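Colleague: Have a look; sequence and predicted model below, questions after that.
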Amino acid sequence: EGFVYEVISKIQTMRKDSGFEVMDHIRVSLSGNDKIVDVVAKNEASIAGKVLADSITAGEIFGVSKEWSVNGENVTISVEKVQ
């Protein structure tokens, strides 16, 4: 559960840093850490609802990408605005 909140926090920070509007829908992809990818996959609906993600995938790289440490686990999170 701690991982879920951390991932949501990181995605929200990326949204803000990218200048996305509050109501902009995004796509999210995670890579580089199977443990985090699994946790996010199991909680996809909850995470997607909180960050307005139309999709959450693994292994893709979108326009805005950053490596984060989520509770000591390194993972690359990518986001882009849905047109």
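Modeller: Perfect, thanks for sending it.

Colleague: make it CA atoms for all contacts and neighbour counts henceforth
Modeller: Noted.

Colleague: Once you drop chain neighbours, what's closest to residue 43?
Modeller: residue 4 (7.3 Å; Cα to Cα, 6 or more residues apart in numbering).

Colleague: quick check, the one you found in a strand?
Modeller: No - if the criterion is DSSP: H, G, I helix; E, B strand; the rest coil, then residue 4 is helix and not within a strand.

Colleague: Provide a list of residues in contact with it.
Modeller: 39-40, 43, 47 (Cα atoms under 8 Å, 6 or more residues apart in numbering).

Colleague: Quick check: phi and psi on residue 11?
Modeller: phi -60, psi -40 (degrees, to the nearest 10).

Colleague: That one contacts residue 50, doesn't it?
Modeller: No - counting by Cα atoms under 8 Å, no contact exists between residue 11 and residue 50, whose distance comes to 9.8 Å.

Colleague: So which of those two has more stuff around it?
Modeller: With neighbours defined as other Cα atoms under 10 Å, residue 11 and residue 50 compare such that residue 11 has more, 22 against 12.

Colleague: On the pLDDT front, check the more buried one for me.
Modeller: Looking at residue 11, its pLDDT reads 98.

Colleague: the helices in this structure, which residues?
Modeller: Counting by DSSP state H, the chain has helices at residues 2-17, 34-42, 44-51.

Colleague: Could I get the buried residue list for the strand ranked longest in the chain?
Modeller: Secondary structure assigned by DSSP state E gives strand 73-81 as the longest strand of the chain. For strand 73-81, burial by neighbour count (16 or more other Cα atoms under 10 Å) applies to 75-81.

Colleague: which outside residues touch it?
Modeller: 11, 14-15, 20, 24-33, 36, 60-69.

Colleague: Return a PyMOL selection command for the buried portion of those.
Modeller: For anyone working in PyMOL, the buried entries among those, judged by 16+ other Cα under 10 Å, can be selected with:
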select buried, resi 11+14+15+25+26+27+28+29+30+31+36+61+65
